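>>> Here is a sequence together with a model predicted from it:
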Amino acid sequence: MTTAIDQVRALDADPYQYDRTTDVADGVATDFQTANYPVFPLSEKVYINGALKVRNVDYTIDNDTGVISFTAVPTLNANVVVTYKWSILSDASLQVMLDLVNANVLLGAAMALDTIASSETLIQKVITLLDLTTDGSKVAASLRAHALELRDQNAQGLATGSADDVPFDWAEQVFDQATFRERLIKSFLRSGI
């Protein structure tokens, strides 16, 4: 059965994705940062020099920040590998958004897109790589436009008395391992924005 959070993730193209972070221990630090977060609870596997470590025995993890804290300092030059699932917004964040809009999936998805757009504006700025350029503010504007479309669909449903039954125009499902930001950038580069 699909939950409201699953529906919001589908509308926002923010599914949980698999990732891997590797690092080499300096013989001093006990904290290591995953490349992406929040980390889906209980999804991580942590290895030091190929040996699987045990959560709450060998390490702890803060799922919201992606920080892994080892109980003992990994030896100098030890290979630290972490595999995990992550998404841009946590289930808890999406649930708060849904609670704020009385579990309305379209409005929850619109709120999530606005949140993502705000962070994209701060993170992306303007990036040029070789002959490709992307503009974070244009990406954010596009995300906000999509959020507005979802709000319009919801208003249309309210006007006809069937807000919960309003079909959405489209939902993209991506099966590759590219991150959400990479998919956005590639999409906008293809469209010439």
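Sure, I can see it. Residues are numbered from 1 along each chain as shown.
>>> quick one: low-confidence parts of the protein?
By pLDDT under 70, the weakly predicted segments of the chain are 120-127, 161-193.
>>> Mind doing that once more with 90?
Residues of the chain meeting the criterion pLDDT under 90: 1-2, 10-17, 36-38, 64, 87-92, 113-193.
>>> Name the nearest residue to the residue nearest the centre of the chain, ignoring sequence neighbours.
Nearest residue to the geometric centre of the chain (Cα atoms, centre = their mean): residue 88, 1.7 Å. Among residues not flanking residue 88 along the chain, residue 14 sits closest, at 5.0 Å (Cβ to Cβ, 6 or more residues apart in numbering). No exception for glycine: its C-beta is placed from N, CA and C like everyone else's.
>>> Residue 100 now?
For residue 100, ignoring the flanking residues on the chain, the nearest one in space by Cβ to Cβ, 6+ apart is residue 111 at 7.0 Å.
>>> State the three-state secondary structure for the residue nearest to the centre of the chain.
At residue 88, secondary structure determined by DSSP: H, G, I helix; E, B strand; the rest coil is coil.
>>> before we move on, what about residue 83?
Quick answer, by three-state DSSP: residue 83 is strand.
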